[in-house]
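Undergrad: No sequence on hand, only this structure:
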């Protein structure tokens, strides 16, 4: 079945770049998403990429998609303490509208 | 998201009691979803709806039922709550099948 894998934890210093990685299994996924969850809150949509794209940039966020390797990454430039949160990768299942989520990566930003 | 609200936000109840969680949206969106979030599992889909009275099971549907009698409300019911259903429950919505899902703030449910 479909599966999405992420590393569980990443620690960076304020001002550095952060790269969060994700692998997925469903080659028919049409969209891939990144969500951010702050403590006690719901999931906030950060960005998403259509499966026929290789890259998408949105201010400090860059998404890279390697469809051959089924690998997705999220780069946050100039990481700030306010970026500390859990980041979820999710793939859409074609024709269903359903999402499969990874376990989430906790990003810790040290001052 | 301001357009989607969950109630209650917190609930503590006892094993064996029925529990209903409500998700309300004001966006007239067609699709609605219920997830549970547990450590180490990310979010797992319980049930979803693709229209009024149209619902289907997700990957962890056992012990849960849903109803959608009108577009704006999607109810999740635990007929007889068990301690394994202690979790944080999230509702989500979207208007079109290719749009991203937008989430409510969650309901923290504890079953003692």
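TA: Thanks, I have it. Quick caveat: nothing in here was measured; it's all calculated off a predicted structure.
Undergrad: Spell out which parts of chain B neighbour chain A.
TA: By the rule Cβ under 8 Å from any Cβ of the partner chain, the part of chain B lying against chain A is B:1, B:31, B:33, B:35, B:40-45, B:48, B:50, B:58, B:90, B:92, B:94, B:97-98, B:100-106. Any C-beta I mention is one placed from the backbone N, CA and C, and that applies to glycine too.
Undergrad: Type out the PyMOL command that picks the buried ones from those residues.
TA: A single PyMOL command selects the buried members of those (16 or more other Cβ atoms under 10 Å in any protein chain shown):
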select buried, chain B and resi 1+31+33+35+42+43+44+45+48+58+90+92+94+100+101+102+103+104+106
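Undergrad: Now do the contacts for residue A:105.
TA: Neighbouring residues of residue A:105 by Cβ atoms under 8 Å, 6 or more residues apart in numbering or on different chains: A:6-10, A:20, A:86-89.
Undergrad: quick one: which of these is most hemmed in?
TA: The most crowded member of those is residue A:89, carrying 27 neighbours; neighbours defined as other Cβ atoms under 10 Å in any protein chain shown.
Undergrad: Where do the helices of the chain begin and end?
TA: As the question left the chain open, I've gone with chain A. For chain A, applying DSSP state H gives no helices.
Undergrad: Where does the prediction get shaky in it?
TA: A:1-2 (pLDDT under 70).
Undergrad: and stretch A:63-82, is it in reach of chain B?
TA: No - judged by Cβ under 8 Å from any Cβ, stretch A:63-82 makes no contact with chain B; its nearest approach is 13.2 Å.
Undergrad: how about that stretch: buried residues?
TA: Result for stretch A:63-82 [16+ other Cβ under 10 Å]: buried residues A:63-65, A:70, A:72-76, A:79.
Undergrad: Whichever strand in chain B runs longest pairs with which strands?
TA: Counting residues, the longest strand in chain B under DSSP state E turns out to be strand B:42-51. Paired with strand B:42-51 in the same sheet, following DSSP bridges, are strand B:31-38 (antiparallel), strand B:54-57 (antiparallel).
Undergrad: what separates the longest one from the chain centre, distance-wise?
TA: Centre-to-centre, strand B:31-38 and its host chain are 5 Å apart (Cα atoms, centre = their mean, to the nearest Å).
Undergrad: And the last one, by the same measure?
TA: Mean-position distance between strand B:54-57 and its chain equals 12 Å (Cα atoms, centre = their mean).
Undergrad: Averaged pLDDT, that strand. What do you get?
TA: For strand B:54-57, mean pLDDT is 95.
Undergrad: And for the first one?
TA: Per-residue confidence for strand B:31-38 averages out to 96 on the pLDDT scale.
Undergrad: pLDDT weak spots in chain B?
TA: Chain B contains residues with pLDDT under 70 at B:1-2.
Undergrad: if you go through it in chain order, where are the strands?
TA: B:4-7, B:10-13, B:19-25, B:31-38, B:42-51, B:54-57, B:64-70, B:73-78, B:87-94, B:102-103, B:107-111.
Undergrad: One more: chain A?
TA: Under DSSP E, chain A gives strands at A:4-6, A:9-13, A:18-24, A:31-37, A:43-50, A:55-58, A:61-66, A:71-76, A:85-92, A:99-101, A:105-110.
Undergrad: For residue 31, give me its contacts.
TA: In the absence of a named chain, chain A is used. Contacts of residue A:31 by Cβ under 8 Å, 6+ apart are A:48-51, A:91-92, B:98, B:100.
Undergrad: nope, chain B please
TA: Here residue B:31 is in contact with A:97, B:48-50, B:93-95, B:97, B:101 (Cβ under 8 Å, 6+ apart).
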